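In: Prediction below, plus the sequence it came from.
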Amino acid sequence: MYAKSFIALDGNQRLTGAVTAQLHLYDRYSCHLCGSALIFHPEWGTNRPWFEHSWDDLTENGRYHCPYVNPEPKEARRVSMLRRYVTDVLPVVRKAEWRCSECDSDYHGERYCMSCRTGDHSIEVTAN
């Protein structure tokens, strides 16, 4: 159960969206966070294309730290409950403000520090 991703690095290592990939196909895509190879799902019928990780093509970093591969436990529980009603539901990666205690950096987006290459030391920053 991997979260859908709507952005990826194309064959030229440029960030591209799934809709753009639908119009300008490349032979390979990789995760912008962990570098793992992605499978592109063009979804021509619904016009809602997306990218997905594959267990066989995960890098070691992707296997242990990518938020698309390892969604937060709360999100995984929510998806399990929703699957009773909608069988093909997938988790959503939540974007927020984060602070990494390992390298002392602040960032916005998925829980994944680009400096440390992990999200293990990241804590959500909430407005007081």
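Out: Looks like it arrived, so ask away.

In: C-alpha only now, for contacts and for neighbours.
Out: Fine.

In: lowest confidence element among the helices and strands of the chain?
Out: helix 73-82 (a mean of 73; mean pLDDT, DSSP states H and E).

In: Show me the beta-bridge partners of Ile7.
Out: Beta-bridge pairing for Ile7 (DSSP bridges): Gly17.

In: mind checking how far it is from Ala18?
Out: For Ile7, the distance to Ala18 equals 6 Å [CA to CA, to the nearest Å].

In: per-residue confidence for Tyr112?
Out: Predicted confidence (pLDDT) for Tyr112: 82.

In: With adjacent residues omitted, what lies nearest to it?
Out: Once flanking residues are discounted, Tyr112 sits nearest to Gly119: 4.1 Å by CA to CA, 6 or more residues apart in numbering.

In: okay, now the domains of the chain?
Out: For the chain, the structural domains run 7-93, 95-128, going by automatic domain parsing.

In: Save the ones you listed as CSV, and put in mean neighbour count too.
Out: Formatted as CSV, these follow (neighbours: other CA atoms under 10 Å):
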stretch, mean neighbour count
domain 7-93, 17
domain 95-128, 15
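
In: ok, back up a step: quick check: neighbours shared by Ile7 and Ala18?
Out: Shared contacts of Ile7 and Ala18, defined by CA atoms under 8 Å, 6 or more residues apart in numbering, comprise 50-51.

In: quick one on the thing from earlier: kindly list the main-chain dihedrals of the residue nearest to Tyr112?
Out: Torsion angles at Gly119 (phi, psi; degrees, to the nearest 10) stand at phi -120, psi 10.
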